[in-house]
Each structure stands twice: as C-alpha cells, then as structure tokens.
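Chemist: Return a 3D structure for these sequence lines:
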Amino acid sequence: MGKSEKQHHKKLQSFLSNLDGLLDSLPSESDKQEVTSGFLKLIEFLTDLKTRLELLPSVEEVSTLRDVVQKIEQSMSRAENDPVLAAAFGLGSPRPRRSESRVSRPPSTETKTLLESLESLPVEEIQSKLQANTYSLTILRSVASALGIGPAKELGRDALAHQIAMRIANSRGYQHLRGDSSPRE
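Modeler: From the prediction side, this is the model:
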C-alpha cells in the first residue's frame, strides 16, 4: 500500500470512528420525547405570556378611563357643597336616629302597686298573672317602662309578660349576688 492509500485508509478510519461517535451521541426515543415535552411546555408558556400581554390595556386605551376618573373626582369634590350630589354618590351625612320624643313619666300609683305585688311572686306566677286579661296593655307597658325595658309599643301581652317576668327574675339574681336579699323564684 502506498502512502496515499495509507492516508486515505487513515482518513476513512477516522471518518468511520467519528461517525460511530456521532451515532453514539444521538438521543434515544425517551430523550427525544423529554426534549419535545420541554419544548411544548416552553411554547405553552410563551403563548400564555403573549396572551396576557395582549390582554393588558395600552396607554391609549386607558386614556378615556383616566378622563372618566378625573370627572368623577371633580364631581365628588363638588358634592361636598351640594347635598343632592352628595346623596347621589352616597356621601350624605348619616341621619341621626329618631329617639323616643316622649319624656318618661314617673310610674302611676297603679303601676307601682302592681310592680310591688309582682316582685313578691315566683316567675311563673308573674307571667301567668300578666298574661291573663286582668291588666290593660297600657298598664303592662307602664310596668315595662318602669323596669327599664325598651320600647314596648310593638310587643303583645305574652311578650310583655315574659319580658317583665325575666327582668324581675334578673333583678332578683343581681340582688342575691350583691347579697342584698334572698332570691325568690
């Protein structure tokens, strides 16, 4: 073999060796699938990012919104001096709650007498006595008022009787806790 053939043979062996190394470095099917999956995830991420960017409003699109916000702010500042406009924005000052205009009167003699007689009775008897139609609703409301029970105008006879009996029972409990007197049922 001549020199040129040797060189040619050497080159061929080198080429085949390099080709063999190149073939060994080719990815397997699982490697190809893993890389493909990575590319798909990257493409999905970039597509999502592109969609989000497209959804962001531009400065041009927001300029009309800024104008509207400025107009609302101007209207709200005018509303400070205009009660009708303030009410439209829900900025009106809260109205004070109407309280009972009636001045509480001292309990009548009949109310005091009834209250004294009730305080010596057991709770169940108080309720049954008040639920009977023996006393008018006006008298029951007067007793409730004397005991500090709030507006009793809407309460019926049974509810008033219950409230009065419970207030008397609570009062007895407080007295007992303070050691003022022995409690009654």
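Chemist: Do you have the helices of this structure handy? List them.
Modeler: 3-24, 29-55, 59-79, 83-88, 109-119, 123-131, 137-146, 157-178 (DSSP state H).
Chemist: can you list the residues that contact the lowest-mean-pLDDT helix or strand in the chain?
Modeler: Within the chain, confidence by mean pLDDT, DSSP states H and E is lowest for helix 83-88 among all helices and strands, at a mean of 81. For helix 83-88, contacts defined as Cβ atoms under 8 Å, 6 or more residues apart in numbering pick out 75, 78, 79, 80, 92. The way it works is simple: take the backbone N, C-alpha and C, and place the C-beta from them, glycine included.
Chemist: Filter those residues down to the buried ones and hand me the ChimeraX line.
Modeler: Applying 16 or more other Cβ atoms under 10 Å to those, the buried members can be selected in ChimeraX as follows:
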select :79
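Chemist: most packed of the helices of the chain?
Modeler: Mean neighbour counts were compared across the helices of the chain using mean count of other Cβ atoms under 10 Å; the top stretch is helix 137-146, at a mean of 19.
Chemist: that older thread, output the contacts of helix 83-88 as JSON lines; include the columns distance to residue 38.
Modeler: Listed next are the contacts of helix 83-88 as JSON lines, based on distance: Cβ to Cβ, whole Å:
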{"residue": "75", "distance to residue 38": "55"}
{"residue": "78", "distance to residue 38": "60"}
{"residue": "79", "distance to residue 38": "58"}
{"residue": "80", "distance to residue 38": "60"}
{"residue": "92", "distance to residue 38": "61"}
